[in-house]
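Asker: my questions are about this predicted structure, shown below with the sequence.
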Amino acid sequence: MIVSALLAFMSISGIFGKNNLSKIELDIDFPQEIYAHNKFPVKVTIKNRRKFLPAFLIRLRTDIFETLFPFTDTKGKTTRYVNISFPKRGLYRLKEYGINSVFPFNFFTRYRQLQGDIEVVVFPELKRCELYTLYVKDKKVKGEKASDKIGFESDIVSIREYVHGDPIKYIHWKATAKTGKLKTKELSTLTYQPVVIDFEKVTISDTEEKISCIAYSIVQMLKKNIPIGLKIDGRLYEPDTSYAHKMNMLKELALYNNVSSSDPVHANSVSVMP
């Protein structure tokens, strides 16, 4: 009698446990910009495609991090963010990941391996250095010139009606007082001479320090809208200010000397999306 009850109990547990992991889809989204030693959020979403059975106690385990989804309703989805950091630049591959659950009775853990191979390029750690300062000083020595493009950096081009979102500091108060309507100054933007950083000519002996310094300089100069290029390993990235150009140069630095890593990464915290 006891054996029969135990077998029935195990059978029910097995059916519910197996169904609990069925028709579960998973999305793992890494940010576009990831820098070594900097924490960043990984967006993890599970989708329950079942019509009648909610998903309970679904745990995602990867070779990098793990997180738990206590409950996901039928035809619903749940998102969590896992804050992690990578120890160094390079290419990381998320090869092994799957879901498991102790539902319904916490006696057995059932597993389901998921297919896929996610690659993540980790950019170099950004370190403040003299290289950026030298380029900025060089720009000041050579001088800058104003263009007729609208910006927020140089001389007044015109005065126009205030538009929602205009910075308060650019309101023209005299014109506002005269007309009784808010007026905004339109300023000309500054144009800069292009910069090309030659990797081999940067006199920093430690390779990792050099890479971090160049990456920092690229990011900072692009913030100032300075066209910047990179010469490295016989390749030349012509000066530009586009986001795609920035990503290409940072990726080149990240993979310099074909750096690839499978080191474990520690998840620092987990929080549920509001």
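Answerer: Okay, I see it.

Asker: next structured bit after the helix or strand encompassing residue 18?
Answerer: Using DSSP states H and E, residue 18 sits in helix 2-20. Next helix or strand after helix 2-20 toward the C-terminus (DSSP H and E): strand 24-29.

Asker: so what strands line up beside that next one?
Answerer: strand 40-48 (antiparallel) (DSSP bridges).

Asker: how far away from the center of its chain is the partner strand?
Answerer: Chain-centre distance of strand 40-48: 14 Å, with CA atoms, centre = their mean, to the nearest Å.

Asker: what about that strand, average pLDDT?
Answerer: Average pLDDT, strand 40-48: 94.

Asker: where in the protein is pLDDT low?
Answerer: 1-14, 16, 132-157, 162-166, 186-192, 259-274 (pLDDT under 70).

Asker: what about 80?
Answerer: Applying pLDDT under 80 to the chain flags the ranges 1-17, 95-96, 104-108, 115-116, 132-172, 176, 180-193, 258-274.

Asker: quick check: can you list the domain ranges of it?
Answerer: Following automatic domain parsing, one gets these domains for the chain: 2-124+263-272, 154-191.

Asker: nearest to residue 209, of those domains?
Answerer: domain 2-124+263-272 (9.8 Å; CB to CB). Using the backbone N, CA and C atoms, a C-beta is placed for each residue, glycine as well.

Asker: separation between residue 64 and residue 25?
Answerer: With distances taken as CB to CB, to the nearest Å, residue 64 is found 20 Å from residue 25.

Asker: who's more crowded, those two?
Answerer: Each of residue 64 and residue 25 has its neighbours counted (other CB atoms under 10 Å); residue 64 has more, 24 against 11.

Asker: sec struct for the more buried one, please.
Answerer: Look at residue 64: counting by DSSP: H, G, I helix; E, B strand; the rest coil, its state is coil.

Asker: I'd like the distance between it and residue 238.
Answerer: Applying CB to CB, the value for residue 64 to residue 238 is 36 Å.

Asker: then residue 90?
Answerer: From residue 90 to residue 238 the distance is 26 Å (CB to CB).

Asker: higher neighbour count, those two?
Answerer: residue 90 (22 against 12).

Asker: you'd agree the more buried one is up against residue 253?
Answerer: No. Between residue 90 and residue 253 there is no contact under CB atoms under 8 Å: 10.6 Å.

Asker: could you report the neighbour count for the residue nearest to residue 43 when sequence neighbours are not counted?
Answerer: Leaving out its chain neighbours, the residue that sits closest to residue 43 by CB to CB, 6 or more residues apart in numbering is residue 29, at 4.2 Å. Residues within reach of residue 29, counting by other CB under 10 Å, total 13.

Asker: which stretches of the stretch 151-274 of the chain form helices?
Answerer: Counting by DSSP state H, counting those that start in this stretch, the stretch 151-274 of the chain has these helices, from start to end: 173-179, 207-223, 243-254.

Asker: and the longest one, what does it pack onto?
Answerer: Contact analysis of helix 207-223 by 3 or more CB pairs under 8 Å, 6 or more residues apart in numbering; DSSP states H and E lists helix 130-142, strand 195-198, strand 228-232, helix 243-254 as its packing neighbours.

Asker: apply 10 Å and report the result again.
Answerer: helix 130-142, strand 195-198, strand 228-232, strand 235-240, helix 243-254 (3 or more CB pairs under 10 Å, 6 or more residues apart in numbering; DSSP states H and E).

Asker: show me what counts as buried in the fourth one.
Answerer: Along strand 235-240, these residues count as buried under the neighbour rule (16 or more other CB atoms under 10 Å): 237, 239-240.

Asker: out of those, who's nearest residue 97?
Answerer: Checking those against residue 97 with CB to CB, the nearest one is residue 237 at 34.3 Å.
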